[in-house]
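# Build the 3D model from these lines:
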Amino acid sequence: IVPAFIIKDILDGKIPETFEDSKNIKMIEASWGKESYTKGHIPTSVHVNTDIIEPPPTWMLDNDDNLTKFALDYGLTKDDTVIVSSSTPMASYRLAVILRYIGVKDVRVLNGGTNSWLSAGYELEFISNPKHSCTNFGADIPVNSQLIVTTSELRQKLKEKNKFILVDNRTWDEYIGKISGYSYHDKKGRIEGAVFGYAGVNGPTSLEYYRNVDNTMRNGYEIEKMWEDQGINLKNHLAFMCGSGWRAAEVYTYANVMGLKNTSIYSDGWIGWSNGGNPSITGEPTK
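Okay, here's the model as predicted:
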């Protein structure tokens with residue numbers, strides 16, 4: 001993740017530290033729909049509607065063939081450096097994780113979203129920047145298939161209790177099956193064996209336990225303490241999940257920023273699991 005001033009330096013033609021080898025730096029604004037993009041975005045940003053990578057009405061991650069088409073339509077290659085921003089930070093993390101999955105070499109996210117850009121005193125842009133297609137991504141997609149755990153893989157990994165932990169990043173009420181958390185999904189409960197890993201308190205778009213009040217990432221040591229108090233062993237493989245992958249994508253990225261590499265994301269989440277007729281449980285876990 002990067003602060004606003006780093007992006008400003010890049011737009012001003014400077015080469016910040018850790019960008020010395022970045023030959024093709026591209027700015028992307030991610031959002032569900034286009035309304036927030038038209039209200040202002042980071043200069044030079046091309047808009048990506050998240051429906052492109054997870055089409056309605058189920059909003060599950062699209063198949064690899066369609067993700068390849070997406071990459072080519074937007075002129076993305078494996079050697080690019082992509083900086084993703086959004087007025088709602090969670091959308092930028094969701095897209096960033098998918099870009100990493102398909103194989104974009106260097107993906108960064110604006111810490112705190114568009115508001116952090118405004119708070120730094122910088123101006124937004126209001127023109128619509130066109131996308132430019134390409135014909136070759138440079139590798140077969142996905143390059144990093146291990147980043148995302150499939151449902152069939154998850155069933156097997158849940159048996160490896162001494163090596164694997166499924167971290168459930170939903171609200172407590174979602175976790176115990178009191179609510180589904182989504183207006184378009186009525187199934188309630190959790191995956192047996194999943195450990196409550198915190199999220200937010202105001203529904204599926206909140207992550208108060210992981211963010212500061214300005215929506216920037218919370219101190220990593222505080223996040224580690226929160227996990228350890230839940231019995232989450234950071235030496236194990238941690239797979240993060242939520243309802244459909246958005247909250248989990250942000251938490252997964254934070255884990256990587258904190259130096260945890262033995263990690264993945266169960267992108268289909270509770271919605272994909274429960275719609276697949278897989279077993280689930282409800283109620284508070286026994287101690």
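# After the helix or strand of the chain with the lowest mean pLDDT, which helix or strand is next? Please name it.
Using mean pLDDT, DSSP states H and E, the weakest-scoring helix or strand in the chain turns out to be helix 35-38, at a mean of 93. Proceeding N to C from helix 35-38, the next assigned helix or strand is strand 46-49, under DSSP states H and E.
# from what I can see residue 67 touches residue 142, true?
Yes. Taking contacts as C-beta atoms under 8 Å, residue 67 lies within contact range of residue 142: 7.3 Å. Every residue, glycine included, has its C-beta placed from N, CA and C.
# got any residues that touch both of these two?
101, 102 (C-beta atoms under 8 Å, 6 or more residues apart in numbering).
# So the two - more neighbours on which side?
Legend: neighbour count by other C-beta atoms under 10 Å for residue 67 and residue 142, higher for residue 67 (22 against 17).
# Okay, the more buried one and residue 254: tell me how far apart.
Separation of residue 67 from residue 254 (C-beta to C-beta, to the nearest Å): 23 Å.
# same deal with residue 30?
Going from residue 30 to residue 254 by C-beta to C-beta gives 17 Å.
# Looking at the two, which is more packed in?
residue 30 (30 against 20).
# can you pull out the strands in this protein?
25-31, 46-49, 81-85, 106-109, 164-168, 195-196, 237-241, 263-265 (DSSP state E).
# tell me the contacts of residue 223?
Residues in contact with residue 223, defined by C-beta under 8 Å, 6+ apart, are 210, 254, 258.
# Now for the nearest residue to residue 162 once chain neighbours are set aside, how many residues are close by?
Excluding its sequence neighbours, the residue lying closest to residue 162 (C-beta to C-beta, 6 or more residues apart in numbering) is residue 236, at 7.6 Å. Residues lying near residue 236 (other C-beta under 10 Å) number 16.
# buried set for the least confident helix or strand of the chain?
36, 37 (16 or more other C-beta atoms under 10 Å).
# same check, this time on stretch 209-219
For stretch 209-219, burial by neighbour count (16+ other C-beta under 10 Å) applies to 209, 210, 211, 215, 216, 217, 218.
# Reformat those residues as TSV; add pLDDT and distance to residue 170.
Listed next are the buried residues of stretch 209-219 as TSV, based on pLDDT from 0 to 100; distance: C-beta to C-beta, whole Å:
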residue	pLDDT	distance to residue 170
209	98	11
210	98	13
211	98	16
215	96	19
216	97	22
217	98	19
218	97	18
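# Mind giving me the packing neighbours of the helix ranked longest in the chain?
The longest helix of the chain (DSSP state H) is helix 89-102. In terms of contacts (3 or more C-beta pairs under 8 Å, 6 or more residues apart in numbering; DSSP states H and E), helix 89-102 is packed against strand 25-31, helix 64-73, strand 81-85, strand 106-109, helix 246-257.
# can you list these in a markdown table and add distance to residue 124 and mean pLDDT?
Output for the helices and strands packed on helix 89-102, formatted as a markdown table (distance: least, C-beta to C-beta, whole Å; pLDDT from 0 to 100):
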| stretch | distance to residue 124 | mean pLDDT |
| --- | --- | --- |
| strand 25-31 | 10 | 98 |
| helix 64-73 | 25 | 98 |
| strand 81-85 | 10 | 98 |
| strand 106-109 | 17 | 98 |
| helix 246-257 | 22 | 98 |
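# Output those as TSV; include the columns distance to residue 130.
Listed next are these as TSV, based on distance: least, C-beta to C-beta, whole Å:
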stretch	distance to residue 130
strand 25-31	13
helix 64-73	12
strand 81-85	17
strand 106-109	21
helix 246-257	27
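# Quick one: the helices in the stretch 101-250 of the chain, in order.
Ranges of helices in the stretch 101-250 of the chain, per DSSP state H, counting those that start in this stretch, are 114-119, 151-157, 172-175, 220-229, 246-257.
# Just name the most buried of those.
helix 246-257 (a mean of 24; mean count of other C-beta atoms under 10 Å).
# by how many degrees do that one and helix 220-229 diverge?
Using axes from the mean of the first three to the mean of the last three C-alpha atoms, to 10 degrees, the inter-axis angle of helix 246-257 relative to helix 220-229 is 110 degrees.
# Return helix 246-257 as CSV; C-alpha atoms alone will do.
Listed in CSV are the C-alpha atoms of helix 246-257, where the atom choice follows Å, rounded to 0.1, in the frame of the first residue of the first chain:
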residue,chain,number,x,y,z
TRP,A,246,-14.1,-8.0,-0.7
ARG,A,247,-13.4,-7.7,3.0
ALA,A,248,-11.1,-10.7,2.8
ALA,A,249,-9.1,-9.1,0.0
GLU,A,250,-8.3,-6.1,2.1
VAL,A,251,-7.4,-8.1,5.2
TYR,A,252,-5.3,-10.5,3.0
THR,A,253,-3.4,-7.5,1.6
TYR,A,254,-2.7,-6.2,5.1
ALA,A,255,-1.4,-9.5,6.1
ASN,A,256,1.1,-9.4,3.3
VAL,A,257,2.1,-5.8,4.2
